[in-house]
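S.K.: coordinates only, no sequence provided:
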């Protein structure tokens, strides 16, 4: 479901809450973050209201997402990231930070519920994908720290 936005929140008092521009779901980049520690707060995506199953448009408590805005034929849904997943990264001045890999999967026990999966290790190829897509020259030997 495209496009996708990611929201991160600074863990120190003086750091902002920042939402990325809409991007593809394979790799999300948030630029110009002040240095500090950040936690993934939520992801948002658009869904076509005419083709989405009616049940998706009426989430129940515990489904793991909620529809927050509908206009015309598009709906915006939000998936909050559980703080217990510890989806945290430290942003350093002048460096690119790869947060790790975030995925949403169907909950096997409830057909419309979703589970959030987080891996703080950057998956193989994420650094190379970032370099190709954004014409960068990151050293991919020591997985620095971008949000997937």
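M.R.: The structure has been received and is ready for your questions. None of these values were measured; they are calculated from a predicted model. Numbering: from 1, shown residues only.

S.K.: Provide the secondary structure category for residue 128.
M.R.: helix (DSSP: H, G, I helix; E, B strand; the rest coil).

S.K.: please report how far the nearest residue to residue 107 once chain neighbours are set aside lies from residue 84.
M.R.: Spatial nearest neighbour of residue 107, excluding adjacent residues (C-beta to C-beta, 6 or more residues apart in numbering): residue 113 at 3.8 Å. Just so you know, the C-beta spots here come from the backbone N, C-alpha and C atoms, and that holds for glycine as well. Counting by C-beta to C-beta, to the nearest Å, the separation of residue 113 from residue 84 is 17 Å.

S.K.: ok, those two, which is more surrounded?
M.R.: Here residue 113 and residue 84 are compared on neighbour count by other C-beta atoms under 10 Å; more neighbours surround residue 113, at 15 against 7.

S.K.: look through the chain and tell me its longest strand.
M.R.: With DSSP state E applied, the strand covering the greatest number of residues in the chain is identified as strand 36-48.

S.K.: show me where this structure has helices.
M.R.: For the chain, the helices defined by DSSP state H cover 126-134.

S.K.: for it, which spans come out with low pLDDT?
M.R.: Per-residue confidence of the chain (counting by pLDDT under 70) places the weak regions at 1-2, 25, 121-124, 141-148.

S.K.: not counting its neighbours along the chain, what's nearest residue 88?
M.R.: Skipping the residues right next to it in sequence, residue 88 comes nearest to residue 39 by C-beta to C-beta, 6+ apart, at 4.8 Å.
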